[in-house]
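> Pasting the sequence and the predicted coordinates here, then a few questions.
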There are 2 protein chains.
Amino acid sequence: MLFSGIGLLDENFDYRTDMFVGVKDGVIAYIGADKPAEDFGEAYPGRGRILMSGVYNAHTHASMTLLRGYAENLALADWLEKKVFPFEKKMTLGDVADGALLAVAEMLRFGTVSFSDMYYYNDEFMRVVGETGIKANFSYGVTCFDERGYEQLPAYEISEKLIGQFHNAFEGRMKIDLSIHGEYTSTPRVVKGLAEHAKDRGVRVHTHLSETKKEHEECKQRRGKTPAAYFASLGLFDNPTTAAHCVWLEDADMDLLREYGVTAASCPVSNLKLAGGFARVPQMLERGVRVALGTDGAASNNNLNLFKEIHCFATLFKCSSGDPSAVTPAQALCAATLSGAQAQGRENAGAIKTGAAADLVVLDAQAPHMHPVHQMANNLVFAAQGSDVLLTMVDGKVLYDRGEYKTLDIERVIFNADRAAKSVLTRLS
Amino acid sequence: MLFSGIGLLDENFDYRTDMFVGVKDGVIAYIGADKPAEDFGEAYPGRGRILMSGVYNAHTHASMTLLRGYAENLALADWLEKKVFPFEKKMTLGDVADGALLAVAEMLRFGTVSFSDMYYYNDEFMRVVGETGIKANFSYGVTCFDERGYEQLPAYEISEKLIGQFHNAFEGRMKIDLSIHGEYTSTPRVVKGLAEHAKDRGVRVHTHLSETKKEHEECKQRRGKTPAAYFASLGLFDNPTTAAHCVWLEDADMDLLREYGVTAASCPVSNLKLAGGFARVPQMLERGVRVALGTDGAASNNNLNLFKEIHCFATLFKCSSGDPSAVTPAQALCAATLSGAQAQGRENAGAIKTGAAADLVVLDAQAPHMHPVHQMANNLVFAAQGSDVLLTMVDGKVLYDRGEYKTLDIERVIFNADRAAKSVLTRLS
């Protein structure tokens, strides 16, 4: 495909108008102000449109779309124990897949090309989600409240099997990570075992880290160190790791994350809704921590719309830090694109440059709320909305184009998800 | 028009499916589960759609759309003094109208039926905005840094003329309020004069109140009382008043607002972006203050999309108060609809009930992000987006319908606004 005469947000987040971008074999093969001599097939008219890197959702629980709007305005303990856990207990793995497909539909519609997920899966799940064409890092959530070793847990066996069958499947779009759910839901023995497993298999790690003050402080009492220091001491961070939330990190924790190359997946909307607190994002960025963006699950968001996170990320931390110059538009865009791709171990992705994966979105620049244009990066961060996405392309393949899904029967996806949610409720009552 | 078989958010924010709503002579004339016998003309198919009250923007500076994305990531003083004020100084009243029309286009697209504006106007402005069919309360911003009395200010004469010509013009859709810009930009003498003028003419008052900590604390030093107490002591609040922001209100200020029936127009997105602080909205609601929602101008937002404010309002104050049960979906929806209408002195508006003004919006309920539906009010607050608006109706007249503007030449509006912004920049350089 040849994007023709299109506005382009380049890898430095500068805007260049009237550009040509050629995609071939899933890769960005040409970028230039002149029409290329090479034939890239179908021309995509770029007038009034913006081409930018697709966005990467660095932390979600996709299947939780089934709980969207199910539990609201509750204190965290009630939210989890009275609503979320009982609902999840009644979900079958078929429901999990139905919820995930609804999530994929929403993500594609709002420009997400790849997501990092922590939940529960089986083979069938992997197949149906893999066939949508979206990229994803899946990690089976490990919890353990007893004295078993990691390899004695059913999750070990499942993860091992998923790695064997699906790691780098679907032309590399699917990756299997390992996931320790969190410090407070497992034992040092299990953390250590999982860390070694990740090292053995050369896969990445995904965890929750210091999401709530309670979790952070109780860990210090329980382990004599912060959750970050605890995980580091057990070798978890010797693996490339994504740590979700990072709301209560202390300065030394930030330094640890930077040293180990751990990505902090900030989930600002979820943190607001569950009243988790304000992450010290400006300090993380200042200290050189890689910060990516996640939506968390739809029970605590309730969207899977990275553009909402971009806006929140670029405004919220100005206020919480008292510094309106904190978090620049470029930092927000980088968090949603390049940093997300890096967090997933996807080299040469997350930016528009020659040779990079063609994970791209086209946005409409013609609506009133995108005018005038003093600086397009400002409009993209502070004014654009997920619904401005016209087209979502992954590895050079169009998956969504102005309301049309190329790999999903959208009516069926919605019908199945509605039905799955209802059937869980029936089993609950 | 007869909305047929549509989902309905009723005046108690309960959702009723498969309803009929008949609109006649600008008013909601029928609500029922059965098809009415009366003929309401054109049938609007409601399947997969939601009908709710249109949203009311209780505080904006519409013409500042021209500055959208112009000044970002600056400390407040630099933002104002180096960028916003110099730009505004070069704006002609023609530019002001061009900016406002762009604002009206954006607001209609995102379901806003009425807005409260503070800026600078002339007759021509009133005519072109009035003809769009949107409702608006306009107030000419009064500032005074010298010893003149209120009636010696040019703003007095202009406001007096605007009231005479345009108060309740356009079949009552347009109202003229009086606006004291803020405590720190005027003198007691002028506040008193304006308060008396409002009383004489029976019009409403619009002001900024305790937006920043600096403003709030300096007032206490300067006047020996908080801005709210200062305004109350000068008789300003003897008039029906909208006070924008209210970030730094003290408990006694909240009680004052409740006693005087002053509406607090919370502008959460703007407060985040300019790092103004977190309003104590849960406390205001608890103390019985009427709280409405505003976007503020597009220089500090950068959208005029009330659905973004609804989401922010319903999540942000959970986090800032540490209480995830704070601000219910019904409170957020009420702030955006009924409270906004009341703040503008629009009786019998802002809710779907028989006899109320037909200021209505239809939202698409079919997109993936609006499924499943456990409780529609939850989806509307936490998941819906302004772009879900399909139709915006004011006083029974359709002004926006799926991309089509009935009273605006949208291409011309955008062209003129772009041109106006450019011409200001040219004059600036």
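Received the coordinates, thanks.
> Compute the number of surrounding residues for the residue lying closest to residue A:306 once chain neighbours are set aside.
Among residues not flanking residue A:306 along the chain, residue A:55 sits closest, at 4.0 Å (C-beta to C-beta, 6 or more residues apart in numbering or on different chains). C-betas here are computed from N, CA, C, even on glycine. Using other C-beta atoms under 10 Å in any protein chain shown, residue A:55 has 31 neighbouring residues.
> Show me what the lengthiest helix in chain A is packed up against.
Of all segments of type helix in chain A, defined using DSSP state H, the longest is helix A:410-428. Packing contacts for helix A:410-428, counted by 3 or more C-beta pairs under 8 Å, 6 or more residues apart in numbering or on different chains; DSSP states H and E, involve helix A:85-89, helix A:93-109.
> and the angle for the helix or strand following the longest one with helix A:93-109?
Towards the C-terminus, the helix or strand next in line after helix A:93-109, according to DSSP states H and E, is strand A:112-119. For strand A:112-119 and helix A:93-109, the angle between their directions (axes from the mean of the first three to the mean of the last three C-alpha atoms, to 10 degrees) works out to 150 degrees.
> hmm, strand A:112-119 in reach of chain B?
No: shown here: strand A:112-119 not in contact with chain B (C-beta under 8 Å from any C-beta of the partner chain), separated by at least 11.9 Å.
> Ok, stretch A:312-326 next?
Yes: counting by C-beta under 8 Å from any C-beta, chain B has neighbours in stretch A:312-326: A:315-316, A:318-319, A:321-326.
> So which of those sit within helices?
Reading helices off the residues of stretch A:312-326 next to chain B with DSSP H, I get A:315-316, A:318-319, A:321.
> I'd like the helices and strands packed on helix A:410-428 laid out as TSV, including mean pLDDT, distance to chain B and mean neighbour count.
Putting those into TSV (pLDDT from 0 to 100; distance: least, C-beta to the nearest C-beta, whole Å; neighbours: other C-beta atoms under 10 Å in any protein chain shown) gives the following:
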stretch	mean pLDDT	distance to chain B	mean neighbour count
helix A:85-89	97	10	15
helix A:93-109	98	4	26
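> out of those helices, which comes closest to residue A:144?
Between residue A:144 and those, the tightest spacing by C-beta to C-beta is seen for helix A:85-89, at 16.3 Å.
> if we can go back for a sec, which of the residues of stretch A:312-326 next to chain B are buried?
With neighbours counted by 16 or more other C-beta atoms under 10 Å in any protein chain shown, the residues of stretch A:312-326 next to chain B contain buried members at A:315-316, A:318-319, A:321, A:324, A:326.
> okay, those residues in TSV with pLDDT next?
Formatted as TSV, those follow (pLDDT from 0 to 100):
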residue	pLDDT
A:315	98
A:316	98
A:318	97
A:319	97
A:321	97
A:324	95
A:326	96
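> Next, residue A:182: phi, psi?
Main-chain dihedrals, residue A:182, degrees, to the nearest 10: phi -180, psi 170.
> Residue A:207 is in contact with that one, correct?
Yes: Residue A:182 is within contact range of residue A:207, at 6.3 Å (criterion: C-beta atoms under 8 Å).
> Between those two, tell me which one has more neighbours.
The residue with more neighbours, out of residue A:182 and residue A:207, is residue A:207; 31 against 24, by other C-beta under 10 Å.
> What are the boundaries of the helices in the stretch 251-400 of chain A?
Under the criterion DSSP state H, counting those that start in this stretch, helices of the stretch 251-400 of chain A are mapped to A:251-260, A:268-273, A:281-286, A:306-321, A:329-336, A:338-343, A:376-382.
> tell me the angle the fifth one makes with helix A:306-321.
Our comparison of helix A:329-336 with helix A:306-321, counting by the same axes, to 10 degrees, yields an angle of 130 degrees.
> Kindly spell out which helices and strands sit in contact with helix A:329-336.
If you count contacts as 3+ C-beta pairs under 8 Å, 6+ apart, helix A:329-336 packs onto strand A:290-293, helix A:306-321, helix A:376-382.
> one step back: would you mark the buried spots in the longest helix of chain A?
Of the residues in helix A:410-428, those buried (16+ other C-beta under 10 Å) are A:410, A:413-414, A:416-418, A:420-421, A:423-424.
> and if you look at stretch A:152-169?
Neighbour-count burial for stretch A:152-169 flags A:153, A:155-156, A:158-160, A:162-163, A:166-167 (criterion: 16+ other C-beta under 10 Å).
> Which of these fall within helices?
Under the assignment DSSP H, the buried residues of stretch A:152-169 contribute A:155-156, A:158-160, A:162-163, A:166 to helices.
> Which of those residues sits closest to chain B?
Set against chain B, the nearest of those by C-beta to the nearest C-beta is residue A:166 (24.2 Å).
> Might one say that that closest one is in contact with residue A:130?
Yes: using C-beta under 8 Å, residue A:166 is in contact with residue A:130, at 7.3 Å.
> Ends of stretch A:322-330, what's the gap?
Terminal residues of stretch A:322-330 lie 19 Å apart, using C-alpha to C-alpha, to the nearest Å.
> can you list contacts of it?
Residues outside stretch A:322-330 that contact it (C-beta atoms under 8 Å, 6 or more residues apart in numbering or on different chains): A:12-13, A:281-282, A:285, A:313-314, A:317-318, A:375, A:377-378, A:380-382, B:72-76, B:79, B:273-275.
> Would you mark the buried spots in the strand ranked longest in chain A?
With DSSP state E setting the assignment, residue counts place strand A:15-24 as the longest strand in chain A. Using 16+ other C-beta under 10 Å as the test for burial, strand A:15-24 gives A:15-16, A:19-24.
> That strand packs against which elements?
Judged by 3+ C-beta pairs under 8 Å, 6+ apart, strand A:15-24 is in contact with strand A:2-9, strand A:27-32, strand A:49-53.
> quick check: mean pLDDT across the helix or strand following the second one?
Under the assignment DSSP H and E, the closest C-terminal helix or strand after strand A:27-32 is strand A:43-45. Regarding strand A:43-45, the rounded mean pLDDT is 98.
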